[in-house]
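Asker: Output the structure for:
(one chain, ligands or ions: 1)
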Amino acid sequence: MTTFVLFGGTGDLAKRKIIPALFSAFVNGRLDKNFMFIGAAREALADEDFRQRVSASIESYCAKDCGSTPEQLQAFLAKTHYAKIDAREAADFQGLKEKLHTSESNATLFYLATGPDLFEPIVQQLSVHDLVSGNARVVVEKPLGRDAQSARDINAALRKYLKENQIYRIDHYLGKEMVQNLLALRFANSFLEPLWNRKWIQDVQISISEQVGVESRGDFYDHTGALRDMVQNHLLQLLSIVAMEPPVNAGADSIRDEKVKVLRALHKFTPDEVSKKTVRGQYRAGAVDGKPVISYQAEPGVPTASRTETFVAIRAEIDNWRWAGVPFFLRTGKRMATRSAEITINFKPIPYSIFGASQRNLRSNRLVISLQPEESVELFLKAKEPGEGIRLSDVALNLDFAEASSSRRVESYERLLLDAMHGDLTLFVRDDELTAAWDWIDPIMSAWQSDTEGLKSYIAGSWGPAAASYLLAQSGSSWGEEF
Ligand code: BG6
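Answerer: Reported below is the predicted structural model:
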């Protein structure tokens with residue numbers, strides 16, 4: 001069936017995510033018996049050297065979930081090969097072509113886990129060597145641009161050699177189980193839709209907090225920052241799924257047609273609005289889970305006077321009939337108090353309380369969709385506490401997916417790899433979505449560049465700068481952990 005060629009095969013992402021995902025798919029019987037895996041990178045390695053690395057990566061990053069036997073590992077390694085490829089060396093691609101011809105597969109998936117500067121040279125060489133005609137597909141990893149113009153350039157470069165439906169722009173958040181569940185929640189249940197609009201919803205919060213710092217990626221991260229690393233892609237993708245209109249069917253383009261409309265309807269900020277509706281921060285030394293951690297500026301690869309943001313909070317708005325006036329609060333940060341990814345829909349308060357003044361200040365209903373660490377949907381309702389008189393409190397109707405279903409949890413990279421192999425583009429980002437997201441990010445980025453005072457600091461292990469709480473307080477709201 002498929003040959004999987006991984007450019008950047010010796011890199012960090014390959015080691016931590018892609019190889020373990022491929023192996024897990026293999027162990028779980030999701031790959032064809034004729035499947036072949038070719039790692040490609042500039043380094044000169046023998047097949048055997050590469051197999052050792054593959055084996056080490058599986059041992060370090062796949063242990064708990066893969067549940068494999070030594071025989072399965074050996075069988076996978078027997079299908080693993082290596083090609084030394086310099087993206088600008090035509091002869092290296094000739095070698096790859098010869099390797100591909102020996103495989104019995106009839107479709108090739110090229111995965112470009114490289115910097116974006118190598119996308120065009122690689123795809124050009126693949127095209128020159130007639131490797132991207134027919135059934136070939138190409139997966140490209142972020143960062144897909146630094147701004148709208150560079151994203152357009154990347155799209156144009158890819159489109160010189162590929163059709164749009166051969167291009168799989170990966171955003172691994174779309175492969176998370178709960179993201180698809182969000183589609184099911186919204187479009188397979190009838191009771192939510194009448195409430196899913198400005199009449200009933202007060203605000204929406206989308207928060208991805210991480211406890212990790214920049215790990216070994218200090219240099220890369222310092223040129224990127226949280227806005228480009230997380231907001232432009234993961235947060236805006238989640239926002240577009242929460243806010244989109246019902247698609248005509250669940251096909252890739254029907255869903256992407258609706259998502260792009262939301263991205264285009266995002267209200268673009270003026271420089272003045274940027275200063276009022278965005279908060280950016282950088283962590284100083286502190287403690288995460290009781291363990292001391294260094295400041296961002298002391299991380300390896302980060303300049304000591306760096307002004308790069310490791311935290312962002314934004315009050316976004318969508319200019320359309322369904323959402324006009326409803327704030328969408330986005331937040332993400334490194335070295336925060338906990339690791340979690342959550343979408344909270346805060347419903348409007350009741351118009352009048354019949355229970356008297358003491359019961360008035362209760363928080364109104366909310367729906368919390370957790371993507372990680374647990375996968376759950378909780379609907380918080382008001383109920384009477386048992387006993388005399390009426391005392392109201394919040395109770396949660398809790399749908400815990402780990403309890404509700406014992407089916408195997410598929411990691412997002414595995415799901416997306418399999419989707420790409422099967423030609424399903426639903427969970428990949430289309431060119432117009434990518435550029436619409438950048439078109440919204442660009443004015444924020446340029447206003448920040450000319451406002452050198454705006455960067456706040458926060459203590460590692462906290463929930464970010466106080467200004468992020470103020471941002472919500474101005475709209476009478478607060479972040480989930482503040483209740
Ligand atoms: C990546 C970012 O896209 O997502 C990383 O580049 C971040 O900086 C990661 O740590 C978070 O993904 P997850 O799945 O661990 O929440």
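
Asker: Tell me, how many residues neighbour residue 110?
Answerer: Neighbours of residue 110 under the rule other CB atoms under 10 Å: 26. Placement of C-beta: from N, CA and C, glycine included.

Asker: typo on my end, residue 89
Answerer: Neighbours of residue 89 using other CB under 10 Å come to 14.

Asker: Residue numbers of the protein in contact with the ligand?
Answerer: 210, 229, 341 (CB under 6 Å from any ligand atom).

Asker: mind running it again at 8 Å?
Answerer: Within the chain, the positions lying close to the ligand (CB under 8 Å from any ligand atom) are 142, 171-173, 176, 208, 210, 212, 214-215, 217, 221, 224, 229-230, 233-234, 334, 339, 341, 372, 412.

Asker: I'd like to know which of those residues are buried.
Answerer: Buried subset of the residues of the chain next to the ligand (neighbour count, 16 or more other CB atoms under 10 Å): 142, 171-173, 176, 208, 210, 214, 217, 221, 224, 229-230, 233-234, 334, 341, 412.

Asker: From the residues of the chain next to the ligand, which land in helices?
Answerer: Among these, the residues falling in helices (DSSP state H) are 221, 412.

Asker: Which ones among the residues of the chain next to the ligand map onto strands?
Answerer: 208, 341, 372 (DSSP state E).

Asker: can the residues you listed go into a markdown table with extra columns for pLDDT?
Answerer: Conversion of these to a markdown table gives the following (pLDDT from 0 to 100):
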| residue | pLDDT |
| --- | --- |
| 208 | 98 |
| 341 | 98 |
| 372 | 93 |
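
Asker: Could you export these as a markdown table, including distance to residue 427?
Answerer: Putting those into a markdown table (distance: CB to CB, whole Å) gives the following:
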| residue | distance to residue 427 |
| --- | --- |
| 208 | 18 |
| 341 | 16 |
| 372 | 17 |
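
Asker: so which of those residues comes closest to residue 117?
Answerer: Nearest to residue 117 among these, counting by CB to CB, is residue 208 at 27.3 Å.

Asker: What segments of the stretch 1-150 of the chain are helices?
Answerer: All helices of the stretch 1-150 of the chain, identified by DSSP state H, counting those that start in this stretch, fall at 12-13, 19-27, 47-61, 63-66, 70-78, 90-102, 119-128, 148-161.

Asker: which one of those is the most hemmed in?
Answerer: helix 19-27 (a mean of 24; mean count of other CB atoms under 10 Å).

Asker: So which residues make contact with that one?
Answerer: Helix 19-27 has contacts (CB atoms under 8 Å, 6 or more residues apart in numbering) with 4, 6, 31, 35, 37, 54, 57-58, 61-62, 65-68, 72-73, 75-76, 79, 410-411, 413-414, 417-418.

Asker: if we go to 7 Å?
Answerer: Identification of contacts with helix 19-27 by CB atoms under 7 Å, 6 or more residues apart in numbering yields 4, 31, 37, 54, 57-58, 61-62, 65-68, 72, 76, 411, 413-414, 417-418.

Asker: and the direction of that helix versus that of helix 70-78, what angle?
Answerer: Orientation check (axes from the mean of the first three to the mean of the last three CA atoms, to 10 degrees): helix 19-27 against helix 70-78 gives 120 degrees.

Asker: tell me the angle helix 19-27 makes with helix 47-61.
Answerer: 90 degrees.

Asker: send the alpha carbons of helix 19-27 over as CSV?
Answerer: Presented in CSV, the C-alpha positions along helix 19-27 are these (Å, rounded to 0.1, in the frame of the first residue of the first chain):
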residue,chain,number,x,y,z
ILE,A,19,8.3,7.6,14.6
PRO,A,20,6.4,6.5,17.7
ALA,A,21,3.1,7.3,16.0
LEU,A,22,4.0,5.2,13.0
PHE,A,23,5.1,2.4,15.1
SER,A,24,1.9,2.5,17.2
ALA,A,25,-0.1,2.3,13.9
PHE,A,26,2.0,-0.7,12.8
VAL,A,27,1.6,-2.5,16.2
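
Asker: mean confidence for it?
Answerer: Averaged over helix 19-27, pLDDT sits at 95.

Asker: cool, stretch 456-463 as well?
Answerer: Rounded mean pLDDT across stretch 456-463 is 98.

Asker: Now that stretch: buried residues?
Answerer: 456, 458-463.

Asker: low-confidence ranges in the stretch 301-450 of the chain?
Answerer: 358-361 (pLDDT under 70).

Asker: Single out the residue in the protein that lies closest to the ligand.
Answerer: Scanning the chain for proximity to the ligand using CB to the nearest ligand atom identifies residue 229 as nearest, at 4.7 Å.

Asker: So that residue versus residue 402, what's the distance?
Answerer: Here the criterion is CB to CB, to the nearest Å. By it, residue 229 lies 29 Å from residue 402.

Asker: What segments of the stretch 251-400 of the chain are helices?
Answerer: Using DSSP H, counting those that start in this stretch, helices in the stretch 251-400 of the chain cover 252-265, 271-277.

Asker: Which residue comes closest to the residue of the chain closest to the ligand once chain neighbours are left out?
Answerer: Excluding the flanking residues, the one nearest residue 229 by CB to CB, 6 or more residues apart in numbering is residue 221, at 6.8 Å.
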